[in-house]
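Colleague: Return atomic coordinates for the entry below.
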Amino acid sequence: MSAVLADMPETVAPATTKAIAPSRGQRPWTFYVLAMLFAFYVLALYGPMFCIYVLSFQDIRGGLVFPMKGHSLHWFVDLFTQVRTGDVKGSFDRSIKLAVIVTIITVVVSFLAGLGFRKRFRGDTIVFYMMIGSLVAPGLVLGLGTGLLFQALGLNASWYTSALGAQLSWTLPFGVLVMFAVMSRFNHVWEEAAYDLGASRWQSIRLVMIPVLAPGLVAVALFGFTLSYDEFARSLQTAGSLNTLPLEIWSMTLNVTSPSLYALGTVTTVVSFVVIGASLGSIVLIQKKRSSSAKG
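Modeller: Numbers count the residues shown, from 1 in each chain. Predicted coordinates:
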């Protein structure tokens, strides 16, 4: 065998090496095509947003198009003068309150649904599809139906009744699906160990399940808040006489011809990023706390 290997041409090894490891600095043409497509995607996604952010920092002479005219925070201050731009402050307050209520209900109901579906029961498939069925219904049609239902019952539509129910039909299915995925990774041995140590059902939930599932609960809360805060279609026919922030932005597009609309878009984007950052930061802190506890 050694004699056969010695008689083999020396060019075999370099050829094999070249086939396995191509020379450095050379990329296939598909890499550049995909890189160009990705660049166009990023430009189309963030370009309009960047233009709005830039134009919102004009002075009092500013308009809705380029070129910019000065630099100031005038239009951010102008947002809170109800005479010129509408009830921005009130709509923002209502949207935050509604999003918080929707978030709390979504987290609680999703967690209870996760507990209820841990074991099979008769009719569980029907109940599951009934919970997520509203995802396939058009939001505008569902909001219209909710408004008509309240009208038929003789109830006044408002942001804290009919709009709350319409938005829950959108956030609860997402929350339930996320919680089911989180529950599927929960190790039931921890819960059984708590029972062996004398813990009650409530103590095992409060001291074992909730701390372990905390990152998943934060994710459900993030879904609930962001979906409610930006919801337009399901709020259009259910918010009543007082607008939420998306409805106020829509009404401003009809009668406001100043960069105040851009300033409002900038403010709402900042609020969304703050909420997302706080949620991700809380998940990171929970993970660090767990790792430090495990090391200790």
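Colleague: hey, let's count contacts and neighbours off CA atoms from now on
Modeller: Noted.
Colleague: All the helices of the stretch 1-150 of the chain, in order from the start?
Modeller: In the stretch 1-150 of the chain, the helices defined using DSSP state H, counting those that start in this stretch lie at 2-7, 12-20, 29-55, 74-78, 82-85, 88-116, 124-132, 139-152.
Colleague: would a markdown table of these with mean pLDDT be doable?
Modeller: Shown next, in a markdown table, are the helices of the stretch 1-150 of the chain (pLDDT from 0 to 100):
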| stretch | mean pLDDT |
| --- | --- |
| helix 2-7 | 48 |
| helix 12-20 | 47 |
| helix 29-55 | 91 |
| helix 74-78 | 81 |
| helix 82-85 | 56 |
| helix 88-116 | 91 |
| helix 124-132 | 85 |
| helix 139-152 | 88 |
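Colleague: burial count for L37?
Modeller: Using other CA atoms under 10 Å, L37 has 12 neighbouring residues.
Colleague: Please report the distance of it from D230.
Modeller: 29 Å (CA to CA, to the nearest Å).
Colleague: For A263, which non-adjacent residue is closest in space?
Modeller: For A263, ignoring the flanking residues on the chain, the nearest one in space by CA to CA, 6 or more residues apart in numbering is S56 at 4.7 Å.
Colleague: So what would you say the end-to-end distance of stretch 234-243 is?
Modeller: Start to finish, the residues bounding stretch 234-243 are 12 Å apart (CA to CA).
Colleague: Going forward, count from 24.
Modeller: With the count now opening at 24, the last piece we talked about shows up as stretch 257-266.
Colleague: For it, give me every contacting residue.
Modeller: By CA atoms under 8 Å, 6 or more residues apart in numbering, the surrounding residues in contact with stretch 257-266 are 114, 117, 162-167, 169-170, 179-183, 185-186, 189-190, 267, 270.
Colleague: And stretch 150-168, by the same measure?
Modeller: With contacts defined as CA under 8 Å, 6+ apart, stretch 150-168 is touched by 186, 189, 192-193, 195-197, 256-261.
Colleague: let's go with 10 Å and repeat that
Modeller: If you take CA atoms under 10 Å, 6 or more residues apart in numbering as the criterion, stretch 150-168 is touched by 136, 140, 147-148, 169-172, 174, 185-186, 188-200, 254-262.
Colleague: again, but for stretch 78-92
Modeller: By CA under 10 Å, 6+ apart, stretch 78-92 touches 74-75, 77, 93-99, 101, 280-290.
Colleague: and it, which residues are buried?
Modeller: Neighbour-count burial for stretch 78-92, counted by 16 or more other CA atoms under 10 Å, picks out 78-83, 85-87, 91.
Colleague: Then stretch 50-62?
Modeller: Buried residues in stretch 50-62 (16+ other CA under 10 Å): none.
Colleague: And it, how far out from the chain middle?
Modeller: Its chain's C-alpha centre and that of stretch 50-62 lie 29 Å apart, by CA atoms, centre = their mean, to the nearest Å.
Colleague: Show me which positions of the lengthiest helix in the chain end up buried.
Modeller: Counting by DSSP state H, the longest helix found in the chain is helix 283-318. The neighbour-count check on helix 283-318 (16+ other CA under 10 Å) flags 283-289, 291, 295, 299, 302-303, 306, 309 as buried.
Colleague: closest to Y218 among those residues?
Modeller: Closest to Y218 out of the buried residues of helix 283-318 is I309 (24.3 Å), distances taken as CA to CA.
Colleague: Kindly list the main-chain dihedrals of the closest residue to the closest one other than its chain neighbours?
Modeller: With sequence-adjacent residues excluded and distances taken as CA to CA, 6+ apart, I309 is closest to P238, at 7.2 Å. P238 adopts backbone torsions of phi -60, psi -40, taken as degrees, to the nearest 10.
Colleague: For P238, give me its contacts.
Modeller: Contact analysis of P238 by CA under 10 Å, 6+ apart lists 205, 244, 302-303, 305-310.
Colleague: And it, what's its pLDDT?
Modeller: We have a pLDDT of 87 for P238.
Colleague: again with L284
Modeller: The model's pLDDT for L284 equals 81.
Colleague: I figured it hits F103, correct?
Modeller: No - look at L284 against F103 with CA atoms under 10 Å: they stay out of range, at 11.9 Å.
Colleague: can you give me the helices for the stretch 174-319 of the chain?
Modeller: Using DSSP H, counting those that start in this stretch, helices in the stretch 174-319 of the chain cover 185-206, 211-219, 224-227, 233-235, 237-252, 256-259, 268-278, 283-318.
Colleague: ok, T126 to S281 distance?
Modeller: Taken as CA to CA, the span from T126 to S281 is 33 Å.
Colleague: So which of these two has more stuff around it?
Modeller: A side-by-side neighbour count of T126 and S281, using other CA under 10 Å, places T126 first with 26 against 20.
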